[in-house]
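**Q** Generate a structure from the sequence data that follows.
(2 chains)
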There are 2 protein chains.
Amino acid sequence: MEPPVIVLVRPQLGENIGKTARAMLNFGLTDLRLVAPRDGWPNPAAGPAASGADVVLSQAQVFDSVAEAVHDCPNVFATTVRKRGLVIPVETPEQAARSIRAASGRSAILFGAERSGLETEEVALAGTIITVPINPEFRSLNLAQAVILIAYEWSKGSDLAVPTLGDEAEPRAPHVHLEGLIGQLDEALDAAGYYYPEDRTPATKNTIRTILTKAGWSTREIQALRGMIRTITHPRQRGRKPPEG
Amino acid sequence: MEPPVIVLVRPQLGENIGKTARAMLNFGLTDLRLVAPRDGWPNPAAGPAASGADVVLSQAQVFDSVAEAVHDCPNVFATTVRKRGLVIPVETPEQAARSIRAASGRSAILFGAERSGLETEEVALAGTIITVPINPEFRSLNLAQAVILIAYEWSKGSDLAVPTLGDEAEPRAPHVHLEGLIGQLDEALDAAGYYYPEDRTPATKNTIRTILTKAGWSTREIQALRGMIRTITHPRQRGRKPPEG
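**A** From the prediction side, this is the model:
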């Protein structure tokens, strides 16, 4: 699965090129291409803003036109909020990421200049438009933010998207352990005169059982709770070492 | 469907608070809470960085502690990459967004300070950890970028009608109720000499917090548990009617 190429079209500030590199590398993208950067290339403001993503900047290629920049990419996506009369399918970042992963050959994603965005002719080079669904009353995504959302969505299908999905989470205790806890608490409550009045006792016991069952504790957690109940009902003598076991 | 609260814990730069507000409003989030911002609040550097998201800044609330900041939020998520021995489930932003949409009651998402992140005790306040799957060789998400990814994921479901998950189930208690239970148990354990040896006490307290947070109890259930602890620590005298109240 080939990672997509990020193409910045007529970017203005070197700082934003650096931030884009940083956003890309966080999600495993390294192929950055610049079309006619306003202040030339390399740009001394890019490095500090990249926060260590220098490998992306040093490999960045510069082109005169969008067509040249995407010459080796069969699949071109244009990020824009305006359709401008073009009959091109529009996808969300999520849908586009799926399209990119499913596509054969390299994909390129075009991002326009900071204020003006992409020209209509540039959007027309693309087979698909990507539009980020956004608060209609506050549309203020900057360049690096748009890049990071797309890179993030793409990364979901890549190798780094393997979080430690609670596989370390402890399994729920066998039921008999839970019964032990309930029995111990029941004894402590009974000894303390908790069950009063008597005719409410069965309902109260059901409530206690529901509360403790709901928690879904592990054996280790149940043991910890049993230790707490034991200590509260049989306080340790201050200043003395607690008994063994 | 209630949008989540964004909680910045000990944020350092006003600029980053402003950028966070901008990231939030792009995806329809407006409830920003600050815990002990380093340079106080308001901070003159925040406004310019917010690029017009002033409504988020002007409504921002300031708190002394994380517990106070999440007092009305039954569901607390902590963004961190380290698990630090806590047994708390880990979710991706996508999974967490789904959890937030399905949850009853308000959700809060904690983000740590720029360099240091969240303290272990702060993570222990959460029922769920959110970790953004990221390039293991280049982990360099800044604060506003982490916020925008979470806000973006949440916004995906914001227009959709999501069925209320088990509307017969009692809603999770506001966080302040859980704190009350933890505090009461802590007192009882301390009085009984449970915290031994002393150097294990912080870890033990984190474990207790995790065990009780995990349960997801309602206010009624927490009240029942508090009544049990009260009775065990102050047993009723046999044969006498318990005191009123």
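
**Q** Please count neighbours and contacts with C-alpha atoms only from this point.
**A** Will do.

**Q** Tell me how many other residues crowd A:Ala45.
**A** By other CA atoms under 10 Å in any protein chain shown, the residues close to A:Ala45 number 14.

**Q** Tell me who's in contact with it.
**A** A:Leu13, A:Gly14, A:Glu15, A:Gly18 (CA atoms under 8 Å, 6 or more residues apart in numbering or on different chains).

**Q** Repeat that for A:Leu34.
**A** A:Val7, A:Leu8, A:Val9, A:Arg10, A:Pro11, A:Ala60, A:Gln61, A:Val62, A:Phe63, A:Ala69.

**Q** List buried residues within those residues.
**A** Buried members of the contacts of A:Leu34, scored by 16 or more other CA atoms under 10 Å in any protein chain shown, are A:Val7, A:Leu8, A:Val9, A:Arg10, A:Pro11, A:Ala60, A:Val62, A:Phe63, A:Ala69.

**Q** what about the residue in chain A that chain B sits nearest to, distance to B:Tyr195?
**A** Going by CA to the nearest CA, chain B is nearest to A:Ala215 of chain A, at 3.7 Å. Distance from A:Ala215 to B:Tyr195, counting by CA to CA, to the nearest Å: 23 Å.

**Q** now A:Arg33
**A** In terms of CA to CA, A:Arg33 sits 60 Å off from B:Tyr195.

**Q** what do you get for A:Cys73?
**A** Distance from A:Cys73 to B:Tyr195, by CA to CA: 64 Å.

**Q** sorry, back to before: the residue of chain A closest to chain B - nearest residue in space that isn't next to it in sequence?
**A** B:Ala215 (3.7 Å; CA to CA, 6 or more residues apart in numbering or on different chains).

**Q** I figured the one you found hits A:Ser218, correct?
**A** No. Checked against CA atoms under 8 Å, the pair B:Ala215 and A:Ser218 is beyond contact range at 11.3 Å.

**Q** can you narrow the buried ones among the contacts of A:Leu34 to ones near chain B?
**A** By CA under 8 Å from any CA of the partner chain, no member of these lies near chain B.

**Q** Those in helices, which ones?
**A** With helices defined by DSSP state H, the entries of these inside them are A:Ala69.

**Q** Dump the buried ones among the contacts of A:Leu34 into a markdown table; add pLDDT as well.
**A** Converted to a markdown table, the buried ones among the contacts of A:Leu34 look like this (pLDDT from 0 to 100):
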| residue | pLDDT |
| --- | --- |
| A:Val7 | 98 |
| A:Leu8 | 98 |
| A:Val9 | 97 |
| A:Arg10 | 97 |
| A:Pro11 | 97 |
| A:Ala60 | 98 |
| A:Val62 | 98 |
| A:Phe63 | 97 |
| A:Ala69 | 95 |
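
**Q** Nearest to A:Leu25 among the buried ones among the contacts of A:Leu34?
**A** Proximity of the buried ones among the contacts of A:Leu34 to A:Leu25 (CA to CA) peaks at A:Ala60, which lies at 12.7 Å.

**Q** excluding its backbone neighbours, what's nearest the closest one?
**A** A:Leu32 (5.0 Å).

**Q** Point to the residue nearest the middle of chain A.
**A** Geometric centre of chain A, nearest residue: A:Tyr152, 7.1 Å, by CA atoms, centre = their mean.

**Q** what about the residue nearest to it when sequence neighbours are not counted, how many neighbours?
**A** Once flanking residues are discounted, A:Tyr152 sits nearest to A:Phe27: 5.8 Å by CA to CA, 6+ apart. Burial of A:Phe27 is recorded as 31 neighbouring residues (other CA under 10 Å).

**Q** quick revisit: quick one: contacts for the residue nearest to A:Ala60?
**A** Counting by CA under 8 Å, 6+ apart, the residues that A:Leu32 touches are A:Val5, A:Ile6, A:Val7, A:Leu8, A:Ala21, A:Val56, A:Leu57, A:Gln59, A:Ala60, A:Gln61.

**Q** I'd say the residue nearest to A:Tyr152 and A:Val147 touch.
**A** No. Using CA under 8 Å, A:Phe27 makes no contact with A:Val147, being 10.3 Å away.

**Q** So which residues of chain A form helices?
**A** A:14-26, A:46-50, A:54-59, A:66-69, A:93-102, A:120-123, A:143-155, A:175-191, A:201-214, A:219-233.

**Q** quick one: buried residues of the lowest-mean-pLDDT helix or strand in chain A?
**A** When each helix and strand of chain A is scored by mean pLDDT, DSSP states H and E, helix A:201-214 comes last, with a mean of 82. Neighbour counts using 16+ other CA under 10 Å place A:Thr204, A:Ile208, A:Arg209, A:Ile211, A:Leu212 of helix A:201-214 among the buried residues.

**Q** orientation of that helix relative to helix A:175-191 in degrees?
**A** 140 degrees (axes from the mean of the first three to the mean of the last three CA atoms, to 10 degrees).

**Q** Return the list of helices and strands in contact with helix A:201-214.
**A** helix A:175-191 (3 or more CA pairs under 8 Å, 6 or more residues apart in numbering or on different chains; DSSP states H and E).

**Q** Tell me if the helix it packs on is near chain B.
**A** Yes. Contact between helix A:175-191 and chain B, assessed by CA under 8 Å from any CA, occurs at A:Ala188, A:Leu189, A:Ala191.

**Q** Let's see if you can find the most crowded of the contacts of A:Ala45.
**A** So for those (other CA under 10 Å), the most neighbours sit at A:Gly18, 26 neighbours.

**Q** related to what we said a few turns ago, if I look at the residue nearest to the centre of chain A, how far off is A:Val132?
**A** With CA to CA as the criterion, A:Tyr152 and A:Val132 are 13 Å apart.

**Q** can you check A:Ala146 too?
**A** For A:Ala146, the distance to A:Val132 - CA to CA - is 8 Å.

**Q** And A:Pro89, by the same measure?
**A** Counting by CA to CA, the gap from A:Pro89 to A:Val132 is 14 Å.
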